[in-house]
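[1] need a 3D model of the sequence below.
(4 chains)
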Amino acid sequence: MSLLYFVLLPLLALFLMPLYRKHLHIISVMLNLTLLTLALTCTHTLPMVERVAVDLPFAITFVLERASWLLLTLFTLIMSLVSLYHLRYGNDKALFVASTMLGVGVSGLILSHDLFNIYIFFEISSISAYLLTALNQDVKAYGGAIRYMIVGAFASLFLLLGIMLIYLSIGVLDIGAIAERFGLIEPRLQFLILLSLFIGFGIKAELFGLNFWVADIYQASRSSVGSLFSALLSKSYLFVLFHLTYLLHVSPSQLFFLGLIGALTFVAAEFSAFKSHESKRIFAFSTLGQIGIITLALSYADAMLSAAALMLILTHAVAKTALFLALDLLERHFHSSHSTIFARFHAPFLMGIIALAGLSLLGIPPFAGFVAKLSILTGLASLEAYGAVALILLISLIEAAYLFRLLTGFRQGTGKERLYVAWSHKLLLGFMVLLLLGFGLMPEPLLQLCQAAAASMLGGNHVPL
Amino acid sequence: MFHFEATLLAHLFFGLSLLVILPLLRRRDLVLHLLLLLSLGILFYASSLATLFIGWEMMGWSSYFILASSARVATLQRYILFNLGGAFALLGAIALLYGFMGSLEYRDIDASLLPPWAMNAIALLLFVAVFVKSGIIGLHDWVVDSYSEATPLFSAILSAILSKAGIYLFIVMFMVLLKEGATEPLLFEIMAWLGVITSIVATFKAISQDEMRRLLAYSSIAQIGYIITILALMQGFALEAALYHTLIHTLIKLLLFMNIASIIAITQKERFSELGGMIYHAPVLFLLLVIGIIALAGMPLLGGFNSKFLIYTALLEEKRALLLGAVMFSSASAFLYCYKLVYGIYLGQRPQEASLHVSPKSYYLPQLLSAALLVLLALLPSLPVGYLSVIGVELGFAPLDDSNLFILQSAFGSFHGGALMGAFGVAFVALLGLLQLAHSKAKKVKDPLDISYCGEVPRSETNLHFGYGMGYELHRISFIAPLLRHHSRVLWDRLSLIASDFSALLSSLYSLSAQHVTLLALLLFTLLLLGGQ
Amino acid sequence: MDEGFIPYQQSLEDEEQSIKSTQSVIEQAIAWFRAHSMFVLAYGTGCGAIEMPPTFTSRYDIERLGVVGVATPRQADILIVSGYCSPKTLKRVIRSYEQMSEPKYIIGLGSCTINGGMYWDSYNTIKKLDDFLPVDMYVNGCMPRPEALIEGFVKLQEKIRANSSEAGYIQYRTRYAHYRANQERLFGTQVQPRYEENFAGMNL
Amino acid sequence: MLLLDLLLMLLIAYGFGFLYYGLYRNLSARVHGRFGPSLAQSFSDSIKLFVKEESTTFGWMFYLGPVIMASGAVLNVLFIPFLNQGESLQGLSSYGNLIVVLYLMVLGPLGNALGVGSSGNPFGVMGVTRGLTRLLALELPFYLAAIGVMIDAGSADFGIIMQAQSTQSNMFAHPLLFAAAFISFLGFMGKSPFDVVGAPQEVYSGPATEFSGKFLALLMSQSAMFSFAKLLLMVNLFWGGADHLGELVAKTFVLFVAATFIGSVYARFSTVQSVEFLIRIPTLLGIVGLALL
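    Model prediction:
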């Protein structure tokens, strides 16, 4: 069992796709399910290291430890769910190609253990994201994609600058090696490097000050694509950002700064969503808000809080995917994603899914989101970060305000259409909500996984050269 | 340890909510109602704060979704936001407690370990949770709107059952878990006065309502105000008085809301101005309502007096004269809305209008049961005392004496329920006999419009039911008029406007063009670079 | 009936004396109480009403006789029709009278209630109240002084104590058709509910 | 024995109630410069009403309203002890207490209000509304005073309250509380200036508009008894009760005459005015009185 499969199999699928144009969806589903199975089979063999030496500084090193495994499993799961969702829309060829590519990108990002590869996968994922944005092939989509491209290129620029400076100063790109030698760099240069990396990843991880492009991109792209962006893309960059942060032993003040950025992201996003009436935009802001909380929690570099943050990543990804996919169903029907569409249909099941996923998103029991939120709050409280607790609780009210406003849309209005939802979609969405409910009722196994992952993430997994 | 078995509330709430749910069988929202019941179970069975919170929140959202079938959007928003606000305050308190205790199990909580500031902060947060749920004035808008816009049956559950959750929370948190803690006494003092001010303001607001369920909603707020006040004393007999009043109020509100549900089913009307004169169409319902309002007004001869008596004597015992005066004032003012309720619906003249429907028979059962219990409690006022004492005894308070079930004992005197009932019964029968035997013969008017009306013959279209407007004159009384304005609604609306403005400002950032975004990022980079060096 | 008011009034007063002796003790006691507690609905239909306030207040203090003014016909024993009645007023007077509980009496105050008085040729006042309602006692004059009104009350007290079957309210019940016919001639049928229709059977 | 005692109490209350009522009419007539009716006039009125040949009713609730009201008055009389010592004329006071009595005082009016309401006459309800609105403010000072008395005596029991006054009556011990209670008491008696409830100029007779014959008779009788009960209450709470019947009569008489004279010279407050007055003056007195306790 090789970690390379997670990159090679999708690449193989990408090669196969032009050959079997009519069965793209099947290839995609089979690929993602295979990857999910593979990821699950890795549970007992962690940590895993895979190195393909090209030329030593540019070796391809893949490492799968607890944290990245958790994310990898999540990503493959979400990819499988999304591709299963699209099974009914087999003619959507570009989507399958681009999403498979996105899968390669994000998997590579979290697997890669050297900056060079990280940069490569960074680019792969970015390019596929541009493609996905433009999927609708209308003016808005192209505009969004171009905007995304400009911002993305800018991010790559900074990332490249950071990597270049590291390579120039210590001559290695492997993360483990960098972690060992990073202290040797002159402090001012260190700071410049960290800053470039922060700007590079920060733009992509959608942190405050660097995330003003996000809402427009989500709005321009399709809802189902939104689920990929929200669940995979931003999370993978965030993961890499914090992975590096922990490895490079940044100073407490810099961590504090990250936490501050997280809090700002959270506040700004939740408030922005409050007045928004475009559901994709609202979900985008909500994603930003969650990213803010996750950043805030991770910035404490505390085992318990990091575990809680990982838990939040997981639950948020599932809940958001469910929401975006449900929204996609609505969007396909109404050709609009304005929040008023919620008042125009009658479909109890879909309604229930949106409501329950929304509850989980908000961190309301008994759904999995609650466990994550409670862990974050208790974690913060035991670190005596009462201000952060108060902030999260207060701003969560704003979040509740706009999320429940969407939900109230259900009952408003008179002329409601009956909306047909295919049983396969019902099954899929129901599965996601059941997942949330299940982990909400029995959070222990997941919490343990997250704790182990957090420990490995914070412990700085040094893989020898 | 505090346990489900020991809570009267739990038994009561389960039994009664099942009664209300009975008429709902074979309906769509049954699932949600059962979920609500489940959440109550979680709340009562909880042995850790996390579980308690799960029950609390589930109660919030399941009731929200039940409410969603009938309420307006604004009401729903208000409902969920206030409820979540309270819940998040509770969550904050729980997180804070966890910070010190490292565990959320009830048995691990030892409030004596808390530093005073933390204890006070926790107390404040819990107050917010309790106050929101109880609809303390300023936080009450959601209560009134949701009660009046829920389905008639669900209003009964909301008022009879869910409104008591705040009280339950208070008892669990303060009297059971945190009783060792050194909470600032001033906080409880403020709570006591907030409770009584709430009850006064809500009473006056109730009087000036034109909608049955809004009136009852304010009445619920007022009644819960008393309970809050009495609980703030943190004494054993106060606890018993509060629990007794909770029991009585639950019975009364179940009775009244089910009664109104029947009336709504019969007439399809909600406002006093559209009702009236139902007494001879629905005499049984009228009698049930009269039992309800007499108990609500806290008059002797029905169970309502027992708990009022306990509340008063508890306050007397603590020598809280002014507090008691205020409670009694509000309680006396309640007569007005009690009468308005019965007059507006059953008495007065019946407006000319279309046909009447039949009320479902299943609506009668909860009413009859509540009424019977209220009468029984009047006869045997000490009946539930032993049951109520359980928590108090566990907490080390002396139980009330219930050796004679007819007599309700308190430190400030006692009364004999049987003697009261008996004397009234004899007097009533004797006087009725006297009236029957009197030389003068009663003649019943054939046409209800044959009233003394200044020598006029009123037509059927003449509005003779304007008595429903009683309470309007309160607006002219300089002490009361300011209480009737919607201060809190204005406040919350303004707050939401501010949030919305702030939101507009922030969201404008998110429509920047790509150039601006990159420019900003560059700026940030430069700034940080300069600042970081 | 002879011409003129005085012989008629005389005949009414004569009758009382003869009936009184036939009553039982209880009946006499009841009659005494009735005579000594008279609740008055003073209907100020015309200018005669101006004489009622002095009658009720300190100067003449009719409360000495047990006469009290009440506001509603339900509580009243005696209806004073004070002066001329236009049909519009009469309608209300009749309604008020019918709402009074038996036994009930009418005092016609002033000449107008007897024969129209100074309005004898008015197109818009009734001339003879007795056509529409049974008057038990007339107090004539234009206007009659309070003394006269008190005199009327004293006479009425005697009449009440006599408990005559000729009392106005009994006549109104037994000869309702006659009164109703007169009323209908004036008002038409649609205005007033029929007296006997107001009550659904006796005794609750 | 108890039964005889109770009957005696009722008879005393009934007799003295009507006597005082007659006295009231006489006294106020004298104040007006009239002679007024005989002392027994009110009694005659009630007998006459009982023996009217017919009374109008609007249905069973209308019928029961006065009965409930009268039962309330009877209960009030029975639950307030007449004397502060001995076994006789104590009635059922050992089965109740001051709080019970304070609440029983409202039972009658509520029953009556139900009857009035069922008549469908808007004037009746307007009267009831006025009464209840006035009641808001009327009870507050009285309650404050009663609370003061109860806290002072350490019990709500009449016996103990009266015993506590054996050395000094509450009137002198707590003059402010007494003043508050007395003003309230004037209102409870329904005399000027607090008699807006049945103002005949505006609302016919208010609550009594539709009551005729025996119903009105019952209302008059209960009102007489109820007045006596209120006098008793004041005497017991503030004047230490009475040792024997003679003292009781003397004390209630003094109180009654005081109320009558005040009632005779004051003009009527409107509903709003009476509420504002009651909240301004006596309530403030009561609060200060409680603060001084």
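[2] can we go C-alpha only for contacts and neighbour counts from here?
    Fine.
[3] all the helices of the stretch 51-200 of chain D, in order from the start?
    Along the stretch 51-200 of chain D, the stretches classed as helices by DSSP state H, counting those that start in this stretch are D:60-79, D:98-119, D:122-153, D:158-163, D:170-173, D:175-188, D:200-203.
[4] is the third one positioned near chain C?
    No - no part of helix D:122-153 sits close enough to chain C to count as contact by Cα under 8 Å from any Cα of the partner chain; the gap is at least 10.4 Å.
[5] any idea how far stretch A:239-250 is from the chain center?
    17 Å (Cα atoms, centre = their mean, to the nearest Å).
[6] quick check, it touching chain B?
    No - against chain B, stretch A:239-250 shows no contacts by Cα under 8 Å from any Cα, the least distance being 13.0 Å.
[7] quick one: mean pLDDT for that stretch?
    Regarding stretch A:239-250, the rounded mean pLDDT is 88.
[8] can you pull out the strands in chain C?
    Counting by DSSP state E, chain C has strands at residues C:38-43, C:67-69, C:78-82, C:105-109, C:137-139, C:199-202.
[9] show me what the helix or strand in which A:F158 is found is packed against.
    Per DSSP states H and E: A:F158 is located in helix A:139-170. If you count contacts as 3 or more Cα pairs under 8 Å, 6 or more residues apart in numbering or on different chains; DSSP states H and E, helix A:139-170 packs onto helix A:115-133, helix A:187-204, helix A:214-220, helix B:514-532.
[10] re earlier: of all the strands of chain C, which lies closest to chain B?
    Comparison of those against chain B by Cα to the nearest Cα identifies strand C:199-202 as nearest, at 4.5 Å.
[11] counting by contacts, list what the helix or strand harbouring A:F6 packs against.
    Assigned by DSSP H and E, A:F6 belongs to helix A:5-16. With contacts defined as 3+ Cα pairs under 8 Å, 6+ apart, helix A:5-16 has these neighbours: helix A:24-41, helix A:93-111.
[12] biggest helix in chain B by residues?
    The residue-count maximum for a helix in chain B (DSSP state H) belongs to helix B:236-267.
[13] next secondary structure after it?
    helix B:283-296.
[14] what residues does the stretch 1-150 of chain B put near chain A?
    B:53-54, B:57-58, B:68-69, B:72-73, B:76-77, B:80-81, B:84-85, B:88-89, B:91-92, B:94-96, B:98-100, B:102.
[15] tell me how many other residues crowd A:Y246.
    If you count neighbours by other Cα atoms under 10 Å in any protein chain shown, A:Y246 ends up with 20.
[16] one more: D:V125?
    D:V125, neighbours per other Cα under 10 Å, totals 32.
[17] ok, which of the residues of the stretch 1-150 of chain B next to chain A also contact chain D?
    Okay, of the residues of the stretch 1-150 of chain B next to chain A, nothing touches chain D (Cα under 8 Å from any Cα).
[18] report the buried members of the residues you listed.
    B:53-54, B:57-58, B:68-69, B:72-73, B:76-77, B:80-81, B:84-85, B:88-89, B:91-92, B:94-96, B:98-100, B:102 (16 or more other Cα atoms under 10 Å in any protein chain shown).
[19] wait, D:L176 touches D:L284, no?
    No - D:L176 lies out of contact with D:L284 (Cα atoms under 8 Å); the separation is 9.3 Å.
[20] looking at the two, which has the bigger crowd around it?
    Just comparing D:L176 and D:L284: by other Cα under 10 Å the higher neighbour count belongs to D:L176, 23 against 17.
[21] spell out which residues sit in contact with B:E57, please.
    A:364-365, B:84, B:87 (Cα atoms under 8 Å, 6 or more residues apart in numbering or on different chains).
[22] return the item of these having minimum pLDDT.
    A:P365 (86).
[23] and that residue, helix, strand or coil?
    A:P365 carries the three-state label coil when classified by DSSP: H, G, I helix; E, B strand; the rest coil.
[24] same thing with B:S511?
    coil.
[25] flag every residue of chain C that's near chain D.
    C:30, C:33-34, C:36-38, C:57-59, C:61, C:63-66, C:70-72, C:74-75, C:101-103, C:204.
[26] in helices, which of the residues you listed appear?
    Filtering those for helices - DSSP H - leaves C:30, C:33-34.
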